[in-house]
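# structure of the sequence below:
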Amino acid sequence: MSSELLSSSVRRNTKMYIAGVVLLGLAVVVIAIANKDSSSGEKTAKYETTNNRSVDLLDGKWNYLPGATERKDGVRITHTGLQIVQQDGSGGQLNSPVNLYGTHLKFVGDFVLDASISDLRGTASLQLYGNPPVVQDEFRVEPASVRLDFTSSKLNVSVWDGKATGNLADQQPVSTQSFTIGPANTIRLELIHKNGSLELSVNDRRLGVVSEHEAFSTGRMWFGADTLAPGNTWRLSKLQAEPLGKGVVRTVDTSESAAKTTRDANGLQTLAGRKRPGFLIGSAMALVPAVSDDKYARIAFGGNFGSMTIENALKFQFVHPRPDLYTFDEADALVDLARSHHMKVHGHALVFGEANPTWVQQLPVATAADKKDVQDVMTSHITKVVEHFEGRVSSWDVVNEPMADYDDTEDGEGSTLREHLWKKALGADYIALAFRTAHRADPSAKLYLNDYGLEADGDRWDALIALVTQLKRDRVPIDGVGFESHVYEAGDKIDPAVLRQHIRQLADLGLKARISEMDVYSDDGTDVQAEQYASVLAVCISEPSCVSFSTWGFDDDYNMWQDDDHSLQHGKDFLWTTGATPTPAVFKLQQLLRE
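Residues are numbered from 1 along each chain as shown. Sure thing, here's the model as predicted:
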């Protein structure tokens, strides 16, 4: 998505996901546990858990946690350096890994958590969440959580209350405490969850209450693990939960529970498959809501979508945070989850002027040697990422938004190439080089150029057509063009006749088209919104060269952005609104697909 649009005051185009808090009534949870959660598909671990029985959380799954290595003696944690930078490359909010696609704890009542940290070198960070944090491309929203940062002799405890205020890219804990715990190679900690409070003991020394607010009112505890610097490492050698009194504890493996969803006969993809076999309805998706929100999962995997665009997990800063490290874990989880539901996966995005980690943003381009280094970074990144997902990701946005933002060109049309790192170092040739590199890495994958503003006539479209025409003449292996199709205000309205003409122009060049990131503002009413969604789908599905229709998110519970006053805002631009209620656009699309 474009930085020009992101800088607009309305901020409607930042479509990101925020985790919904799942409030579990005590009676409902008890019934669910008695029935082994048959309604949600959650499964117990290989042992049975009942009242007064402890559970060993390390007996579960941890292989999708970034920086983690499962071993017989526990889980080894190494430094990832994951951060979220601003679109201009500034900032660097800590994005500590969470065990999302694996094991977490579900409980009723009180319990004690026993953990041991061994082989500590540097700082060990263990963070406990009531719900997992929402990660966006410019910030992450911290939910209620408790973070424990250990050295061999000190402990810092930080507490977040889940009430995001101020600058979301720089959220601070509501309280911090420091303790001297004495030198120790192995640190034993005991956390007692009692009446909503957390009491902490370390190495048999009671430190007292570290959190008095109910951080875990969800009846869940998710686990994050990290270190603070390169070379830091530690081992989580014990992680057990034992109920207190009438409490109940059990483990949940989201990699198993998220794979079970009933398909709706009226789902958008189900209907599209009947109307035009092979045509895909898709959406951008994120791992946090997919594994923590049942209603989101029901929409995502219940027959509405046949294609998943990986929203953030494949952007440079999320998958390649340090020069010597790739963190494929979250993207692997999304790919595996999509494939378990027989969905195609679209990778977003290999080369982009934004969403790059600080070490990439700071690469020099002054000398010929500098430019060669930038080229090597780009090509090695493409090769490593595409080869890793060969045969599993069927299509890629190889070059995302190569055209300049409207405000960055004299004519206000955005009809020249964007002046980012890759363009400054390699000139316009970076585009052809990126496509050739991706094709070598996986010759079977379909390769796309993706941009916004291509649905309208004008200098921007003319420049884009000239660009892809030259790429075809030079035998560059480009398969198609993605039309982002964002509709943010009345002036953005897409004319179906112009869109159809542009799709056919690409077809004349031998190029496919896909609607890649559609969302539509609702300020003019949901009927107008529905008509805009339907008119674009009608064009795409009726043109043989238009292969898919994808939206940039689908659930308004996760349609969030930060306004100019730093307040967190909810948009109403997606197909399902708050509470997983279908908008008129859903019914309009269903009607179209039945015709």
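
# need the phi and psi values for Asn559.
Main-chain torsions, Asn559, degrees, to the nearest 10: phi -100, psi 90.

# residues near it, how many?
Residues lying near Asn559 (other C-beta atoms under 10 Å) number 25. From N, CA and C alone the C-beta is placed, and that goes for glycine too.

# surely it meets Phe574?
Yes: in this structure, Asn559 is within contact of Phe574 by C-beta atoms under 8 Å, at 5.3 Å.

# can you classify Asp524 by secondary structure?
Under DSSP: H, G, I helix; E, B strand; the rest coil, the three-state class of Asp524 is coil.

# and the residue nearest to it when sequence neighbours are not counted, how many neighbours?
Distances taken as C-beta to C-beta, 6 or more residues apart in numbering place Ala490 nearest to Asp524, at 6.6 Å, with adjacent residues excluded. Ala490: 10 surrounding residues under other C-beta under 10 Å.

# got a pLDDT number for Ala490?
We have a pLDDT of 79 for Ala490.

# next, work out how far apart Gln87 and Gly427 are.
Counting by C-beta to C-beta, to the nearest Å, the separation of Gln87 from Gly427 is 23 Å.

# neighbour count: the two, which is higher?
Gln87 (19 against 12).

# on the three-state scheme, that one is what?
Classified using three-state DSSP, Gln87 is coil.

# now swap in Ser516 and tell me
On the basis of three-state DSSP, Ser516 is classed as strand.

# next one: Val288
Classification of Val288 using three-state DSSP returns helix.

# straight-line length of stretch 172-181, end to end?
Stretch 172-181 has an end-to-end distance of 24 Å (C-alpha to C-alpha, to the nearest Å).

# for stretch 538-552, same thing?
This stretch, stretch 538-552, spans 18 Å end to end (C-alpha to C-alpha).

# and it, what's buried?
538-541, 543, 545-552 (16 or more other C-beta atoms under 10 Å).

# quick one: those residues as JSON lines, columns for secondary structure and distance to Ile494 too.
Output for those, formatted as JSON lines (DSSP: H, G, I helix; E, B strand; the rest coil; distance: C-beta to C-beta, whole Å):
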{"residue": "Ala538", "secondary structure": "helix", "distance to Ile494": "11"}
{"residue": "Val539", "secondary structure": "helix", "distance to Ile494": "9"}
{"residue": "Cys540", "secondary structure": "helix", "distance to Ile494": "11"}
{"residue": "Ile541", "secondary structure": "helix", "distance to Ile494": "15"}
{"residue": "Glu543", "secondary structure": "coil", "distance to Ile494": "14"}
{"residue": "Ser545", "secondary structure": "coil", "distance to Ile494": "18"}
{"residue": "Cys546", "secondary structure": "strand", "distance to Ile494": "13"}
{"residue": "Val547", "secondary structure": "strand", "distance to Ile494": "18"}
{"residue": "Ser548", "secondary structure": "strand", "distance to Ile494": "16"}
{"residue": "Phe549", "secondary structure": "strand", "distance to Ile494": "12"}
{"residue": "Ser550", "secondary structure": "strand", "distance to Ile494": "15"}
{"residue": "Thr551", "secondary structure": "strand", "distance to Ile494": "14"}
{"residue": "Trp552", "secondary structure": "coil", "distance to Ile494": "14"}
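
# which one of these is nearest to Asn450?
Ser550 (10.6 Å; C-beta to C-beta).

# helix, strand or coil for the residue nearest to the closest one when sequence neighbours are not counted?
Residue nearest to Ser550 in three dimensions, not counting chain neighbours: Gly282, with 3.6 Å by C-beta to C-beta, 6+ apart. What three-state DSSP gives for Gly282 is strand.

# can you name the residues bridging to Gly282?
Ser307, Ser550 (DSSP bridges).

# tell me the contacts of it?
Listed by C-beta atoms under 8 Å, 6 or more residues apart in numbering, the contact set of Gly282 reads 305-309, 344, 346, 548-551.

# in CSV: these, plus pLDDT.
Output for the contacts of Gly282, formatted as CSV (pLDDT from 0 to 100):
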residue, pLDDT
Phe305, 98
Gly306, 98
Ser307, 98
Met308, 98
Thr309, 98
Lys344, 98
His346, 98
Ser548, 98
Phe549, 98
Ser550, 98
Thr551, 98
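
# possible to save the residues you listed as TSV with distance to Asn95?
Output for these, formatted as TSV (distance: C-beta to C-beta, whole Å):
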residue	distance to Asn95
Phe305	26
Gly306	30
Ser307	26
Met308	21
Thr309	20
Lys344	27
His346	23
Ser548	30
Phe549	31
Ser550	25
Thr551	25
